[in-house]
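**Q** I would like the atomic coordinates for the input below:
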Amino acid sequence: MLANWFPNVTIRKKTPVGVLFVSIMEDPETKLPVQLIINSGKAGSEFAAFTDSIARLANVILSSNENGLDIILSELSNITTDRTARNSNGILVRSAAEGIYMALLDYKNEKSKEFEDSYDHNYRPATIRYTF
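**A** Residues are numbered from 1 along each chain as shown. Next up is the predicted model:
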């Protein structure tokens with residue numbers, strides 16, 4: 001494996017102010033997210049600057065806490081505006097922050113499915129017997 005190579009996934013979300021592409025990089029060993037890159041709008045636009053600032057703050061949280069994704073999700077949830085955009089799945093997005101939240105939630109839900117699919121349902125833990 002390449003030394004500086006990180007597997008990633010990119011999720012597209014439509015928001016009231018434009019389309020977001022949220023890329024989540026994972027540590028190949030721990031499978032935990034280690035970096036976010038959010039591409040949005042034209043370079044230099046207010047929308048691009050806003051989403052870049054969220055990504056930078058999220059990266060600080062991811063690098064300092066194993067539960068960073070959950071912390072980011074709790075902070076971005078329910079941030080809304082008076083405008084909406086409908087995604088291809090019919091769900092309304094009420095702000096750019098909520099679009100990022102929904103992309104990260106989609107990522108987390110997909111990872112949970114992967115974990116559940118890889119779990120050995122026939123596994124039985126060993127019985128531990130203590131003797132004194």
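
**Q** where in the protein is pLDDT low?
**A** Applying pLDDT under 70 to the chain picks out residues 1-3, 115-132.

**Q** in it, which spans are strands?
**A** Taking DSSP state E as the criterion, the chain carries its strands at 8-15, 18-26, 33-40, 85-86, 92-93.

**Q** nearest residue to the middle of this protein?
**A** L104 (2.7 Å; CA atoms, centre = their mean).

**Q** can you count the residues close to the residue nearest to it when sequence neighbours are not counted?
**A** The shortest distance from L104 to any residue other than its chain neighbours is 5.8 Å, reached at L73 (CB to CB, 6 or more residues apart in numbering). (Glycine included, C-beta is placed from N, CA and C.) Counted with other CB atoms under 10 Å, the neighbours of L73 add up to 17.

**Q** quick check: L73 vs I54, distance?
**A** Taking CB to CB, to the nearest Å as the measure, L73 falls 12 Å from I54.

**Q** how much space separates Y107 from N8?
**A** Separation of Y107 from N8 (CB to CB) stands at 10 Å.

**Q** those two: who's more crowded?
**A** Set side by side, Y107 and N8 show more neighbours around Y107, with 21 against 14, by other CB under 10 Å.

**Q** distance of the closest residue in space to that one that isn't next to it in sequence relative to L36?
**A** Distances taken as CB to CB, 6+ apart place I24 nearest to Y107, at 5.3 Å, with adjacent residues excluded. Distance, I24 to L36, using CB to CB: 6 Å.

**Q** overlap in contacts of the two?
**A** L104 (CB atoms under 8 Å, 6 or more residues apart in numbering).

**Q** with distance to A48 added, can I get the strands of the chain in CSV?
**A** Shown next, in CSV, are these (distance: least, CB to CB, whole Å):
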stretch, distance to A48
strand 8-15, 13
strand 18-26, 9
strand 33-40, 5
strand 85-86, 17
strand 92-93, 17
